[in-house]
Every structure is written in structure tokens, then in C-alpha cells.
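A.B. asks: My questions are about this predicted structure, shown below with the sequence.
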Amino acid sequence: MQRATVHPADSHDTIQVRGARENNLADVSLDIPKRRLTVFTGVSGSGKSSLVFGTIAAESQRMINETYTAFVQSFMPSQSRPDVDALHNLSAAIIVDQERMGANSRSTVGTATDAFTMLRILFSRLGSPHVGGAGAFSFNLPEGMCTGCEGLGRVSTLDIDRLVDRGLSLNEGAITVPNFTVDTWYWQGYARSGLLDPDKKVKDYTEQELDDFLYKPATKVRVGNNNMTYEGLVVKVQRQILSKDRESMQAGTRAFVDRVATFGTCSACRGTRLNPAALSARIDGRDIAECAALQISDLAEFVGKIEDPEVGPLLAVLRGTLDSLVDIGLGYLSLDRETSTLSGGESQRVKLVRHLGSSLTDVTYVFDEPTTGLHPHDIARMNDLLRLLRDKGNTVLVVEHKPEVIRIADHVVDLGPGAGTDGGRLCYSGDFPGLAASDTLTGRHLGYRARLRPEPRQATGWVAIRGANTHNLRDVDVDVPLGVLTVVTGVAGSGKSSLIHGSLSTRDDVVVVDQSAIRGSRRSNPATYTGLLDPIRAAFAKANDVKPALFSANSAGACPTCKGIGLVYTDLAMMAGVASVCEDCEGRRFTPEVLAHKLNGRNISEVLGMSVTEAHGFLAVPAARRILDRLVDVGLGYLTLGQPLATLSGGERQRLKLAIRMAERGSTYLLDEPTTGLHLADVEQLLGLLDRLVDAGNTVVVIEHHQAVMAHADWLIDLGPGAGHDGGRVVFTGTPTDLVEHGDTLTARHLREYVRDQTDYPVS
């Protein structure tokens, strides 16, 4: 294996990593050039994220946090130093990942990119009539927001009798809101405020007491020795809970909101969030809300026609931001789109545009698969933006699998050779031509091309979709074949998900396997989610002649201190909680008595610490082996059985769901970008899995951008020709061969280029 060249210790042109051992990293040492674009490759679980995010970015952020005062640090979660001997020449790291962009309903694409801020300044300067400064056009400030909905654009109606049990007193638990139970911090604010008698039943409150209890505006009160802000229960629930994005809520909170609240568009502002004064100002006939609601590509055209020397520099910056959003394939969004509704890939690209407009230079930007959700046509534009970020004098680190991105790298770091315990080693460090010539797994697969099927499978029937008009679809009529592999293609925003999820997912025989979060608690892991823990517990119980419940961290065998979680969570009331490893069980989750019981020399905590592949060789129980076989089939052999589900990526979550559902027969499987997070070698394995599903009598419909999956399909449905209102139409249906030979869509051009030399690279 080729090792990185070690430069002198005083070189400031490289980030120097020495002896990195975070997670599965095996004492990795390498130099990464600064102010260059470096791409990290390797199979899933090879250690890329452990090196880039868990070591380099984590240590940079930890050291920045240590520059704050002790008082400020006391409010921040403590971060341990990564397991590494030395890191030299780090710069400030900014992580641009695929995490959803917050849970605040006030956050939009426009506010997240500062485009709406610039639009507000533009209207304050050129809007007619003149209504004030930029704040007069902000739905987050009192001078601009609609008073009817306080700038949310929607209003909620609460069922008071579902918030409060009027037959009880505060001490008896009258408040039924989650986290407001007796003796909690929030409950104390009411019971000890001095405004209410905690022993008096709510039904006996005077009119004034009931008004104070439910609707009193924020007021300073004394609770014991502390001053605090008192808010009526309805006011607090609306501010703290109802203003958040529903999807980000815990399951219990979400159920509570569904039970107590009814939402509707604000009639005062018609959903625009702004007051009449803000809406009265116009530029070329449009008010600011109309501009924010325009498709960004249309807004860019509108702004491009404005000419005024007074705001020339501002217009240049705004046009640059809007053009970047269009160039990165997000022209179909609007500035008023709430960020909570964006996909992971869309969120990451919005963050990228925000950083392109930053004045910071010589920082380290860290990206996690920035091409997720991008059509091949858009990847070239993403590459341009990554290079632009580098050319501003920044160090750009990218974790990526797509050859199109690897090819533009100044430097490539390949980890492997496998996943989990078989990975974590440096396989290659150098330029792209060197990687292509190397004998690494990545190098061998860079030229991989899936073959077009010479004889596609024939449909056993058809599902007719008629008049589909969800979102940007334009009364689409299309027939989806049964019994074959169908791939739905098109640029981001062309209407793929609207067509398939909107028309197929509601059918009784359809199994939807997507990348959405898996509902579960902190205790959930692959073993519990797949049902694998049941045969494991049974095997331990039989081997030790005890009850199976002992081997559940949710039951009798749980460590009493951490209640089987392995971590102790400290609730800091208004601030984010802090988790620390349980000192009693040292994170092993079980009591010493349970850990004394062994199965083939291993205790239950050690078994849950095994990877799927390791457990497959260790467990001889047929019921467990069947589940493990499916997990290996979907490429998750590197996951550990006890790994919290919250740590899984979108692609990993999708493949985990598929492993559970793939035992079903005679179904229609609907998959959404299943190649997300997959190495080129793993894509081959995925294609084999999709074939096995079809050959077992199932229908498989895949929304996908990866050309290997397109080429391998029996049937293609291509949407477009563009995104947003430029899309929403079916521009091709037929076999991949037909598309390559006769198609003239964006997908046809890229697939034609992809298969040009396919005969040299047969599918193994």
C-alpha cells in the first residue's frame, strides 16, 4: 500500500495527522495539503468519516471552543480529544453536512443564505412607497411581521382541555403537556410563581387566574431564590413547541401536537408572514413576498433586470447568491421555502452557497457526499463551486464516492481496504492518476461501467398513473411496469419523488424504503430494530439456564444507573443536555451479574459490540443468521449490532429498512436513491440485490441518479426537461438502450457518455 509522504514537522502547508486511532482507524499518519481540494474515498465503514469528521474537524472545533471564557464553556457540551497522537497546522473547520437545517419555522432558504436579507435591503432602498429600513420587511422582527401570526404565516388553534385537566390542581398534575409534569422545571414556573394556588383545581380558578395561567404575556417573577420569566401556558406552548418543525420533534411531542393543535394559513397576511405596510412597497410591480415566493431561477431573472447605481454592489452580491443557487441545481426552490422541508442533499447545497458568500478565507471546509441527490448534469456545477471555495484560499476536504468528484481532486486519500475491523488503514495518498493506477479497491473500480441489458426483462403487467399533478407535475400520465426493475430519473426538482411517492406509495402492496429518520428511542440499534436481539437473548438464556429478559438493556438486566442506555444524560433545562459514559457499567449497559453470563466465551455487551459480519461468523442460531444474511446482502456488514440508530446516515437507514422488508414476496419495492453512501464496489453488490428482488417475483421502482443503476434497469422513466416549473413532465419512457440510442434529454446525454466504453467493464 502506498503511504503518504511525511513532510518536515515545521511545514505549514499541510495538515499533519499522526497516529489517528478514532473508531476503527489503525494508527493512521498522513499529510493533507492545505488550500487544496482533497477527496477521501473508500468503502462505507472504511474510516473516512472517523478521520475527516471524528479527528480533524472534531479537534479543530474542540480547540476553538477552548478559546472561549470558562463561563461560556460551562454552557457548552464538553468534547473529548480525538484518539490521535498529534495534529499539526489545523485551521478553523466548518462542517457542511447533510443534517437538516434546524427546527425553526422562521428559517427559510432566504434567511439561511442571506438572500432574503439582501432582498429586504433592496426593498428598503428602492421599494415604492418607502416604508422604512430593512427591518420593516423582516417577518422575524416586530416592525415587519404580521401581528396576526407573529411572522409564522400560519396560526394554530389549541384545544385547552387537551392541555389541561381542569379537574386537577397543579400539584395533582393538571398540566398534560410533555415535559411539564409535576416537579419539572417548567411545572415549577407555574406552581411556584406566586400567581396561582398549586392546590386549587383549575376549574375553580377565577377569570383572572385562568387568564394568567393560560395567556399572560412574558413577565418577570420570583421563584424561590431565582428570578425567571413567567409565560401563560398557551403562550409558552405556542412559542416553544408549535413554532418548531414537526418532523424534528420527538415522537411523544409530535403526537401531542397532533392531538391538541389545528393549523391553518393566517388570514391576515395570507401566509406571507408580513404586515400590510411591508406588503405595500413594490419594485417593478412586485412586493417582497411575491419575490420570495418566486422560483429562484425566476427571481434571479427579475433581479437581473434591476438597474440602479445606488445599490450596485448589493445587486451584484444578491445576483451572485441567486446564480449560485441556480448553478448548484436549486433554482427550483423559492426563498420562502422553510429549511426544515429540505432534503439532506438540498440542505448541504444551501449551506455551501451560504459559505460561498462568506468573507472568511484560509479555513477548512468539510463536506459529506455533496453530490447526494444530484443528477450527473448537476455534479459538474457542484465541482465548479467546490473549486471556487478552494480558490478563495480555503482547504476543502470532501468525503465522496462519485468518480466525477474524485477526478477533480488535487489530492486523494483512500482508506480501507475493507470496512470496520478490515478497514481503517491508509491505502493510498496522492493525485488522481496515481489512484487510478493503484491496485486499491477504489482504483480498480474507477473505470467500472455497468452493462446495458441486451435483453431486458418483460413486464408482467402495468400500473397506470393518470393526471398526476402533485407539486410541479403537469397532469402526468405514465404506465409503470410490474415484475421488472424500473428506474425513475431526472434532475433534482424535476418531479421524480412527486410522481412516485405521490402516486405509488399509497397502494396496499407497495413497500416504501426511503432515507427518512427511523422512529425510535436512544436505546434503538440495529439489533433491536431488526428483531435480531430476540434470538440472541434466547441463545444466551439457553446457554446459561436463565430468563431471556436478563439480556435486554430495556428490562431486568439493565444497569440501574443509566437504565441500560450506557450513557447518563444531564438535563440542563433550557440548554442542550450533556451525555457522559455511565461510570458504573462503563458504557456496557448491563449489570455485572448479566455480564458474567457467556455465550461461546462472549458476554452480551461484547456480542452487541460486534460488527454484522463478525456476528455472522459467531452466531450459529438460524433465526439470527437469516437476519444477518440480509444485513450483509444490503452492504451493512460493517455496522455494529449495538450502534445507536441516530448515528446512521440516510443511505444506511434505507438499507437497514430494506434488510427488514426484503423477505416479503410479491410486493412493489419503492427505493429512493439507494446508492447514497455506497462505494463503487458496493454499487455492484446493490445491483445484484435488486436483481434478486425482481427475480423473486417482486416489482422494484428506484428513484436514482447513478448511471450504473440506470444502465442496469429494465425500464426508464425520465422526468424533466428541467426543474421546478421547467420540469414536471415525462420526457422519456422505454429501455435504457432506447434512451442511449434515440434520447435527447439531459439523462440521455450522460448515460450515453457513461456506457460509451461499457464493453471493457462487464458487471461481475
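C.D. replies: Sure, I can see it.
A.B. asks: for residue 383, helix, strand, or coil?
C.D. replies: Put simply, residue 383 is helix when judged by DSSP: H, G, I helix; E, B strand; the rest coil.
A.B. asks: Tell me where the stretch 401-550 of the chain has helices.
C.D. replies: 403-406, 432-437, 441-445, 496-503, 526-530, 533-544 (DSSP state H, counting those that start in this stretch).
A.B. asks: Reformat these as TSV; add distance to residue 98 and mean pLDDT.
C.D. replies: Quick note: C-beta positions are derived from backbone N, CA and C, even for glycine. Compiled in TSV, these are given as follows (distance: least, Cβ to Cβ, whole Å; pLDDT from 0 to 100):
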stretch	distance to residue 98	mean pLDDT
helix 403-406	15	94
helix 432-437	25	95
helix 441-445	22	94
helix 496-503	16	92
helix 526-530	21	93
helix 533-544	29	94
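A.B. asks: Quick one: closest of those to residue 706.
C.D. replies: Smallest distance to residue 706 across the helices of the stretch 401-550 of the chain (Cβ to Cβ): 10.9 Å, for helix 403-406.
A.B. asks: helices and strands around the closest one, which ones?
C.D. replies: For helix 403-406, the packing partners by 3 or more Cβ pairs under 8 Å, 6 or more residues apart in numbering; DSSP states H and E come out as strand 37-41, helix 376-391.
A.B. asks: which one of these has the lowest average pLDDT?
C.D. replies: Of all the helices and strands packed on helix 403-406, mean pLDDT reaches its minimum on helix 376-391 (a mean of 91).
A.B. asks: thinking again about what came up before, which one, of the helices of the stretch 401-550 of the chain, ends up nearest to residue 114?
C.D. replies: Within the helices of the stretch 401-550 of the chain, the stretch nearest residue 114 is helix 403-406; the backing value is 26.5 Å (Cβ to Cβ).
A.B. asks: quick revisit: closest one to residue 234 among the helices of the stretch 401-550 of the chain?
C.D. replies: Taking Cβ to Cβ, helix 496-503 is the member of the helices of the stretch 401-550 of the chain nearest to residue 234, at 35.6 Å.
A.B. asks: How about residues contacting that closest one?
C.D. replies: Here helix 496-503 makes contact (Cβ atoms under 8 Å, 6 or more residues apart in numbering) with 465, 468, 470-473, 476, 478, 488-490, 512, 670, 672, 701, 703, 717, 719, 728.
A.B. asks: Can you say which of these are buried?
C.D. replies: If you count burial by 16 or more other Cβ atoms under 10 Å, the buried members of the contacts of helix 496-503 come out as 465, 468, 472-473, 476, 478, 488-490, 512, 670, 672, 701, 703, 717, 719, 728.
A.B. asks: follow-up on the earlier one: now the helices of the stretch 401-550 of the chain in JSON lines, with mean neighbour count and distance to residue 381?
C.D. replies: Below are these laid out as JSON lines (neighbours: other Cβ atoms under 10 Å; distance: least, Cβ to Cβ, whole Å):
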{"stretch": "helix 403-406", "mean neighbour count": "19", "distance to residue 381": "11"}
{"stretch": "helix 432-437", "mean neighbour count": "16", "distance to residue 381": "20"}
{"stretch": "helix 441-445", "mean neighbour count": "19", "distance to residue 381": "24"}
{"stretch": "helix 496-503", "mean neighbour count": "21", "distance to residue 381": "19"}
{"stretch": "helix 526-530", "mean neighbour count": "22", "distance to residue 381": "36"}
{"stretch": "helix 533-544", "mean neighbour count": "18", "distance to residue 381": "45"}
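A.B. asks: mind checking which of the ones you listed is nearest residue 369?
C.D. replies: That would be helix 403-406 among the helices of the stretch 401-550 of the chain, by Cβ to Cβ, at 9.0 Å.
A.B. asks: quick one: the closest one to chain centroid distance?
C.D. replies: 22 Å (Cα atoms, centre = their mean, to the nearest Å).
A.B. asks: Alright, calling it a day.
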